[in-house]
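**Q** next input, structure requested:
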Amino acid sequence: MHRQTTIEVKRDVEAVLIPTGVKVTLVQGTQVHVTQALGNAYTLYVNGNLVRLAGSEGDAIGLVVLTEPDVDEMEGSLEDKVWAHLRTCFDPEIPVNIVDLGLVYQCEVTQVEKGNHDILIQMTLTAPGCGMGPVLVQEIEEKIKRLDTVNTVQIDLVFDPPWDRDRMTDEAKLQLGLL
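**A** The predicted structure follows:
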């Protein structure tokens, strides 16, 4: 694991323990190392554990507040915008977005009344027992619900077929040194 310079937590802040998904509080003065700053979250190494810190809390560790790109300003279909949002979601332990990692099995956009749309996403996790599943689902749902004309978002976690490395894009494999 690559560890950078030690950073001191500037104020008490809530984080999520990886991989269990349990909420924890990082107390002011705690020493941490940033291992990943992707999407809209930081992954920190603290006291022998990894935690996920929301990008909006970046100031708590003296770093920038990570914000989302405004995909509503993008050209393209609503489905293109949904996929763009999915590419801003990262596995907190692996520096690859969930699309290139091969976790998204299906993304269906259905038009309903008055030009609104329902979104159905079927996805999996790298391991069925991963406690970060609900955290990822919540992040995805929040991002997609912000898109204009989105009525509902349904995200189903499925484990058949199970995920394996063959589902990753070549770019992801290259980034992880698997090619």
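**Q** any idea how far residue 7 is from the residue most central in space within the chain?
**A** By CA atoms, centre = their mean, the chain has its centre lying nearest to residue 89, at 3.1 Å. Applying CB to CB, to the nearest Å, the value for residue 89 to residue 7 is 24 Å. (C-beta placed from N, C-alpha, C; glycine too.)
**Q** surely residue 96 is in contact with residue 168?
**A** Yes - with contact defined as CB atoms under 8 Å, residue 96 counts as touching residue 168 (7.3 Å).
**Q** overlap of the contact sets of those two?
**A** Residues within reach of residue 96 and of residue 168 at once, by CB atoms under 8 Å, 6 or more residues apart in numbering, are residue 176.
**Q** all strands of the protein, in order?
**A** Ranges of strands within the chain are 7-8, 13-18, 23-26, 31-38, 41-46, 49-54, 104-111, 117-123, 150-157, based on DSSP state E.
**Q** highest mean neighbour count out of the ones you listed?
**A** Stretch with highest mean neighbour count among the strands of the chain: strand 41-46 (a mean of 22; mean count of other CB atoms under 10 Å).
**Q** just checking: what are the partner strands of that strand?
**A** If you go by DSSP bridges, strand 41-46 pairs up with strand 31-38 (antiparallel), strand 49-54 (antiparallel).
**Q** could those strands be laid out in TSV, adding mean pLDDT and distance to residue 121?
**A** Output for those, formatted as TSV (pLDDT from 0 to 100; distance: least, CB to CB, whole Å):
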stretch	mean pLDDT	distance to residue 121
strand 31-38	92	20
strand 49-54	94	20
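**Q** residue 19 is nearest to which of those strands?
**A** strand 49-54 (7.9 Å; CB to CB).
**Q** could you give the angle of that closest one to strand 13-18?
**A** Here the directions of strand 49-54 and strand 13-18 differ by 130 degrees (axes from the mean of the first three to the mean of the last three CA atoms, to 10 degrees).
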